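> Need a 3D model of the sequence below.
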Amino acid sequence: MTHSGHLNRLYIHKDYQGQGQGIATALVDKLEDEAEKLNLFKIDTDASITAKQFFEHRDYNTICSKTVKRESVKLTNFKMIKK
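Predicted coordinates:
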């Protein structure tokens, strides 16, 4: 996470996603705790379609969707924020 509260590039290997192990939850819990200690009043992220529901369950709100191009592939992601 950046000093301004931008959560960037949180990836969990596909073999460990949705397994109930809580890997992403533990990582984001720690990052959110650190953000609070630093008096950051908001955290934002650009969530993939796959990650969107995870962040919604953590009270992040979708601000907008956007399409980004990585090499020749177009991907949709969502600007999300938690206050």
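
> Pull the number of nearby residues for residue 28.
Residue 28: 20 surrounding residues under other CB atoms under 10 Å. All C-beta atoms are positioned from the backbone trio N, CA, C, and that covers glycine.

> Just give the nearest non-adjacent residue to it, would you?
residue 58 (6.5 Å; CB to CB, 6 or more residues apart in numbering).

> Look up how far residue 7 lies from the one you found.
10 Å (CB to CB, to the nearest Å).

> Comparing the two, which residue is more hemmed in?
residue 7 (21 against 15).

> State the pLDDT value of the more buried one.
Here the pLDDT value assigned to residue 7 is 93.

> Beta-bridge partners for residue 70, please?
residue 73 (DSSP bridges).

> For residue 58 and residue 7, list the residues in contact with both.
Taking CB atoms under 8 Å, 6 or more residues apart in numbering as the criterion, residue 58 and residue 7 both touch residue 28.

> In the protein, mark out all the helices, start to finish.
23-37, 49-57 (DSSP state H).

> from those, which stretch is densest packed?
Highest mean neighbour count among these (mean count of other CB atoms under 10 Å): helix 49-57, with a mean of 15.

> Can you lay out the helices of the chain as JSON lines showing distance to residue 75 and mean pLDDT?
Putting the helices of the chain into JSON lines (distance: least, CB to CB, whole Å; pLDDT from 0 to 100) gives the following:
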{"stretch": "helix 23-37", "distance to residue 75": "19", "mean pLDDT": "94"}
{"stretch": "helix 49-57", "distance to residue 75": "8", "mean pLDDT": "93"}
